[in-house]
Structure formats: C-alpha cells, structure tokens
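A.B. asks: can you look at this prediction? I've put the sequence above it.
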Amino acid sequence: MTHSFHVKVPSAWRKNSGYLFLTDLVNINISNIAEETKHVSDLAIVLRNNKTLALIGKWGSGKRTLAVQIALEMEKVLNDKFKFKVIHNFDETCGPSISGLSQPTVIILPDLYKFWRTDQHSEDVINTLIRIRSITKDRKLYIVATFTENAWESFAEYFPNKNVDDLFPRRMSINLSPKTLSEIGRKNQVVLKEAAIKELLCVRGVLGKPLITFLFCKYPVYRNPQFLRLPLFSILSELRRMRNSSDDRKKFRVLEYTMLHGGEVEIEKLENDIDHPLFDVINNVDDRKAYISDYITQLLNGYMEKTKKSYRILHDVITKCVFLVAAEREPEIMFKECDCFLLFDRIRQKSRMEKIWERGKFSCDDNSLTMGIPTESFPIVVKAFKHRKEIMPMLRNVKLFNDIDFQRVWNKIQ
C-alpha cells in the first residue's frame, strides 16, 4: 500500500518525557522511499545519537513506513553502507544473531510489545534488548521499534524497573496537518474539500488518519459520514457484507486464504492450492483456477496488492479485520491453519463479563479485533494445536496456554 503522510518538525525540537512531537510538512511516500527529506535526516541523527528510537502511533499511522525511511537515511547521515533487518517477531532467540553483527545495521522491530505473551516471556524479550544495546554501544547497530499507543502504555507500565527511558530515550509521535490529508487525496486522484478534511482530522479511535484517509479516497463505499464516525466498524461491516453476499463471498474467500498465511501468500502457492476447502464455494466451474485469478484481479483494485512473488493484503489492519470476520463463522479453521503469530495476536482468554453474558460462545471484540475463546471450546483448540508441530515451541510463551483450565484440557487430550 502506498502510504503518504507528513510529519511536523518545529525549528527547535519540543521535548516532553523523551517524546519528539513532529510538526512541519515533509512528504514521506513508500513508493518513493529513497526520496531525500531534511526532516527524516533529523530523525536519523536522533537515532544515531541515541542508538534506539521508538515510533508510537495508531494502527495505520505510518510507523513502519517512517521506520524504513529513517533506516535508509542512516546511510547518508553516517556516510556508510548499511544492512537492514526487519524482525517481525523479535524474541530472546534473536539475541545471538543480532549481537554477532559486525556490519553497520539498522534493525526494525515492528510491534515490539505483544499482548499475547506471558509476562515472563515479555521480560525475557526486554532483557535481551537491553543486553544487545549494552554490548553494541561502540558498534554501528541501531534499533527502531514501533508500538501502538496502548502497547506502549502497557510496555512502560509492565517494565518500570527495566528503565524504559534508558532503553528508548527518544520516542516519536506523528501528528498530521490538513495539507497531509490533501496530499493523500491528490495521490489517489481525489480532491478533498475543506469540510471533508476537517472531519478526517476529527476522527477518533484506534485507526491512524493516514489509513483512514487512504481508504476514504480509494473506495467509494467508505466515502461517507458513517465511515468517518466509525471507520473500524465500517470496514468490518463491509467485510461481513462480502462474506454473506452470494456475489462477493468468493472474493472474501481469497482474502481469507491470504489472511491464513499471515496476510501474504506466494503466488505459486495460491495457484497450486485451488482445491483448498475455502474455495469450495466456487462450484460447477470447469476452470476453478481462472475464476480465482479473476477474483484476485478484482481484489487488486481494492484490498490486495501484488509483488514479484506474492499477493498480500494492503494493510495489517485489513488482515486483522478479515481474521475477525472469518472467525465469527468458522473459528476452527483459524486454529488449524492460521499463521501462528497472527493467531496468537488475535485470540485471548475471555473476560469475566464475557464468560457470564456469552457463556459457551466465541466473543469477538470489534475494537481490539480479538476473539475470546470460551472454556467450553478448549478441547477444539487443543486438538488443533496438537496437530501443528510448528506451533508447539511457542505455546509456553502464550498467555492462553498458561491458563489453568486450558492446561487441564491440554493434559487430558492425547
């Protein structure tokens, strides 16, 4: 997805508890990622001086795009050739390989703090990061980590004794200006009127304004006041409509299949897996492969994009939404086939109130895009997990696995 946004930088950095609030216009466009910008250079200098930088924002606020831009800018700032590593699921096992790096490297850690991890595992991850930072002070090794706002608050709250301020002395929050939104509109051939821009700036919730503006401009179905009032609800509603529609259900199945692979699937794999049960909705056709190809083409004008070797869903938020909508009807396939990290990121133990009011049912939370697992369904989950060898090494670090009731079912089922 092309993400275009602006960040603000005043003549003097405004500092507040380590935060850098960016305020003046600079265009950052992932389709032209090497574009030279003065203010990205300023951020690269901040990274150079502190070794680490935390980027904090909502889903779809452009954190990863900016992280990549800063990483590329480091070559110019330090006049050196850099390697770039993106580690999507950083944990203590990554420590030795990172500590052994001798070449100048920028490491990007998207969504460093995971809610599904046990407290002990989260502490192990942070200890690993602290050790890496301490032994690489004299090396050209730099770390950019991204957090959602809620994740950062939990991260700082859980580890006060680890001195988070020392680990990430500089944190950056992105604030948008009206010109930013106009630029996103222009790149998507939409002229945003002043009234629309004002409404976009007033949108509240867990989604970032760059993503909201992109969807507002890209898809006519979202170009309405309802979407601006409740963007996440509107996305889920549209996906549910697709899932239930006799015409669009087949397109949703392609989205669902891609989601099961973490939001990105190799072109060859999809083309060779046309007999997957998800595609059984495409009945009575001689060339099922051609039909699937046609649905992919339609999705490429909307929710998906194509790289040299793969198809992928445009944004992680859309992948999360597809997971929730699919899980409402067919939760079992999530346990059996969904990408491990996406699965653990989306499922959780039910809250006490959910256990009372939705006894025995899966509880889907539209705000957090997570699914609460009822105790009554633990046998289904356990049986699915025990048939997945790749999932077993991760389980001890998952909060759900450490639940007393889950453990009881786990030990009972062979």
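C.D. replies: Nice, I can see it.
A.B. asks: surely Lys85 is in a helix?
C.D. replies: No - the assignment for Lys85, made by DSSP: H, G, I helix; E, B strand; the rest coil, is strand rather than a helix.
A.B. asks: residues contacting the closest residue in space to it that isn't next to it in sequence?
C.D. replies: Residue nearest to Lys85 in three dimensions, not counting chain neighbours: Ile107, with 4.9 Å by C-beta to C-beta, 6 or more residues apart in numbering. Just so you know, the C-beta spots here come from the backbone N, C-alpha and C atoms, and that holds for glycine as well. When contacts are counted by C-beta atoms under 8 Å, 6 or more residues apart in numbering, Ile107 touches Lys85, Val86, Ile87, Ile98, Leu141, Tyr142, Ile143, Val144.
A.B. asks: from Tyr303, how far out is Ile107?
C.D. replies: 30 Å (C-beta to C-beta, to the nearest Å).
A.B. asks: which ones are touching Asp366?
C.D. replies: Leu232, Phe233, Leu236, Leu324.
A.B. asks: determine which two of these are furthest apart.
C.D. replies: For the contacts of Asp366, the maximum inter-member distance is 11.7 Å, found between Phe233 and Leu324 (C-beta to C-beta).
A.B. asks: who's more crowded, the two?
C.D. replies: Leu324 (21 against 14; other C-beta atoms under 10 Å).
A.B. asks: confidence score at Asp403?
C.D. replies: Per-residue pLDDT puts Asp403 at 90.
A.B. asks: what sits up against the host helix or strand of Val265?
C.D. replies: For Val265, the element it lies in under DSSP states H and E is strand 264-266. Residues from elsewhere that reach strand 264-266 (C-beta under 8 Å, 6+ apart): Tyr257, Thr258, Lys309, Ser310, Tyr311, Arg312, Ile313.
A.B. asks: now, of those residues, which are buried?
C.D. replies: With burial judged by 16 or more other C-beta atoms under 10 Å, the buried subset of the contacts of strand 264-266 is Tyr257, Thr258, Ser310, Tyr311, Arg312, Ile313.
A.B. asks: the helix or strand harbouring the second one: how far from the chain's middle?
C.D. replies: If I follow you right, that is Thr258. Element membership for Thr258 (DSSP H and E) is helix 249-260. Relative to the chain's own centre, helix 249-260 is displaced by 18 Å; criterion: C-alpha atoms, centre = their mean, to the nearest Å.
A.B. asks: start at 544 instead
C.D. replies: Sure thing, new numbering starts at 544, so read that last one as helix 792-803.
A.B. asks: list the buried residues for it?
C.D. replies: Buried, per 16+ other C-beta under 10 Å, within helix 792-803: Lys793, Lys794, Phe795, Arg796, Val797, Leu798, Glu799, Tyr800, Thr801, Met802, Leu803.
A.B. asks: just flag the most distant two among the contacts of strand 807-809.
C.D. replies: Top of the distance list for those (C-beta to C-beta): Tyr800 and Lys852, 16.5 Å.
A.B. asks: ok so Ala688 is a helix residue?
C.D. replies: No - the assignment for Ala688 by three-state DSSP gives strand, which leaves it out of any helix.
A.B. asks: any idea what it is bridged to?
C.D. replies: Ala597, Leu652 (DSSP bridges).
A.B. asks: likewise Ser716?
C.D. replies: Phe564, Ile599.
A.B. asks: and the gap between it and Glu807?
C.D. replies: For Ser716 relative to Glu807 (C-beta to C-beta), the value is 28 Å.
A.B. asks: and for the helix holding Thr801, what's in contact with it?
C.D. replies: With C-beta under 8 Å, 6+ apart, helix 792-803 has contacts from 782, 785-786, 807-808, 813, 816, 819, 821-822, 824-825, 834-835, 838-839, 841-842, 846-847, 854-856, 862, 865-866, 868-869, 876-877, 880-882, 885.
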